[in-house]
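# give me coordinates for this.
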Amino acid sequence: MTKSLDAGWFTEVFDGHGSAFSLKVTGKLLDVHSPYQHLEVYATETYGNLMVLDGCVMLTDRDNFLYHEMMAHPALFTHADPKRVVIIGGGDCGTLREVLKHSGVEHVTQIDIDEEVTKAAKRFFPALTAANDDPRAELLFADGVEWVDGADDASVDLMIIDSTDPVGPAEGLFKTDFLKRCHRILKDGGLLVQQSESPLYHTGTIIRELRDDMIEAGFSSVATLPFPQPVYPSGWWSATLAGKGCDVTRFREADAAKADLALDYYTAEAHRGALALPPFMRRLLD
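This next block holds a predicted model:
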């Protein structure tokens, strides 16, 4: 992917797919080179603030709720009783905020390698960091793979891999070996959820390979849930769940239906619909 700024427009070009996405910007708010990546924040005309990492759109004020809600709530309502949650990545803290809306969650550890992302979120996306001071939240700035290696066996109910694309700092988070390490620290009945790229562009490649790797790592069931995401490649994104001794194609529908969590996208009906993959995805995943 490449980016360009021309006549007041930020454009991310998806070379391999002959497409691009643009937003009209009104100014640059931040430009930081951390030890890990290039972080930029822009003000846009219609999408609020825009965060960019290494030239790739990460989030905007206008539509980030789609990603953060679908990374958190399907998994939380699939698990029988999630108490201890771990987020790998997620430095903007939007997924952390969504997890903490569940009163039954007792502790959330978030491990992101780049503190600059969280600093930028606090300055320019304060709504995403509103739950950072919750006493159940623990924020660590470290290598997520190393943290997993040091965790006890069967000590976590739910792991959320809220990573960037499978390149650079996030590349190792898509490997079978890492998934095996995650499987080790999950309790029986535990779940893992990973952002899994575009259904339109990546079902036959990244998504299929990730699902195969999850099964190879020891998970007993997998499910991919597509959802809209206008600012990401193709405008369509996905999260893939894996269960350790549990069926991730079923969820606590009654609990999801009666929950009052002040959400903007996720509902029990949206969850049920996301589990019903379109025919082209089923063909590519068979």
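# can you show me the strands along the stretch 51-200 of the chain?
Along the stretch 51-200 of the chain, the segments classed as strands by DSSP state E, counting those that start in this stretch run 56-60, 84-89, 107-111, 137-140, 156-162, 186-195.
# how about a markdown table for these, with distance to residue 78, mean pLDDT and mean neighbour count added?
In this view, the C-beta of every residue, glycine as well, is placed from N, C-alpha and C. Output for these, formatted as a markdown table (distance: least, Cβ to Cβ, whole Å; pLDDT from 0 to 100; neighbours: other Cβ atoms under 10 Å):
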| stretch | distance to residue 78 | mean pLDDT | mean neighbour count |
| --- | --- | --- | --- |
| strand 56-60 | 24 | 97 | 22 |
| strand 84-89 | 13 | 97 | 24 |
| strand 107-111 | 17 | 98 | 21 |
| strand 137-140 | 22 | 98 | 16 |
| strand 156-162 | 9 | 97 | 26 |
| strand 186-195 | 6 | 98 | 23 |
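# so which of those strands comes closest to residue 275?
Taking Cβ to Cβ, strand 186-195 is the member of the strands of the stretch 51-200 of the chain nearest to residue 275, at 13.3 Å.
# paired strands for that closest one, with orientation please.
Strands that pair with strand 186-195, judged by DSSP bridges, come out as strand 156-162 (parallel), strand 236-243 (antiparallel).
# reformat these as CSV; add distance to residue 107.
Below are the strands paired with strand 186-195 laid out as CSV (distance: least, Cβ to Cβ, whole Å):
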stretch, distance to residue 107
strand 156-162, 10
strand 236-243, 21
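# now residue 57: how far from residue 199?
18 Å (Cβ to Cβ, to the nearest Å).
# now the stretch 101-250 of the chain, which segments are flagged as low pLDDT?
Along the stretch 101-250 of the chain, the parts satisfying pLDDT under 70 run over 164-174.
# please repeat the previous calculation with a cut-off of 50.
Within the stretch 101-250 of the chain, the stretches with pLDDT under 50 are 167, 169-170.
# can you give me the helices for it?
115-124, 144-150, 176-185, 199-202, 208-216 (DSSP state H, counting those that start in this stretch).
# which secondary structure elements does the shortest one contact?
Applying 3 or more Cβ pairs under 8 Å, 6 or more residues apart in numbering; DSSP states H and E, we find helix 199-202 packed against strand 236-243.
# what does whichever helix or strand comes after the strand it packs on rub up against?
Note on strand 236-243: by DSSP states H and E, the next helix or strand toward the C-terminus is helix 253-258. Here helix 253-258 makes contact (Cβ atoms under 8 Å, 6 or more residues apart in numbering) with 73, 77, 267, 268, 271, 272.
# equivalent analysis for stretch 278-286, please.
Taking Cβ under 8 Å, 6+ apart as the rule, stretch 278-286 contacts 199, 203, 204, 207, 208, 211, 224, 226, 277.
# could you redo the last one with a cut-off of 7 Å?
The contact list for stretch 278-286 (Cβ atoms under 7 Å, 6 or more residues apart in numbering) reads 199, 203, 204, 208, 211.
# mind checking how far the closest residue to residue 83 other than its chain neighbours is from residue 189?
Spatial nearest neighbour of residue 83, chain neighbours left out: residue 106 (4.7 Å); criterion: Cβ to Cβ, 6 or more residues apart in numbering. Distance, residue 106 to residue 189, by Cβ to Cβ: 16 Å.
# what's the answer for residue 95, then?
Per Cβ to Cβ, residue 95 is found 21 Å from residue 189.
# likewise for residue 26?
49 Å.
# residue 248 too?
Distance, residue 248 to residue 189, using Cβ to Cβ: 11 Å.
# what sits against the nearest residue to residue 80 once chain neighbours are set aside?
Leaving aside its sequence neighbours, residue 80 sits nearest to residue 189 (Cβ to Cβ, 6+ apart; 5.9 Å). Counting by Cβ under 7 Å, 6+ apart, residue 189 makes contact with 80, 244, 245, 246.
# what's the neighbour count on the last one?
Residue 246 has 19 neighbours, counted by other Cβ atoms under 10 Å.
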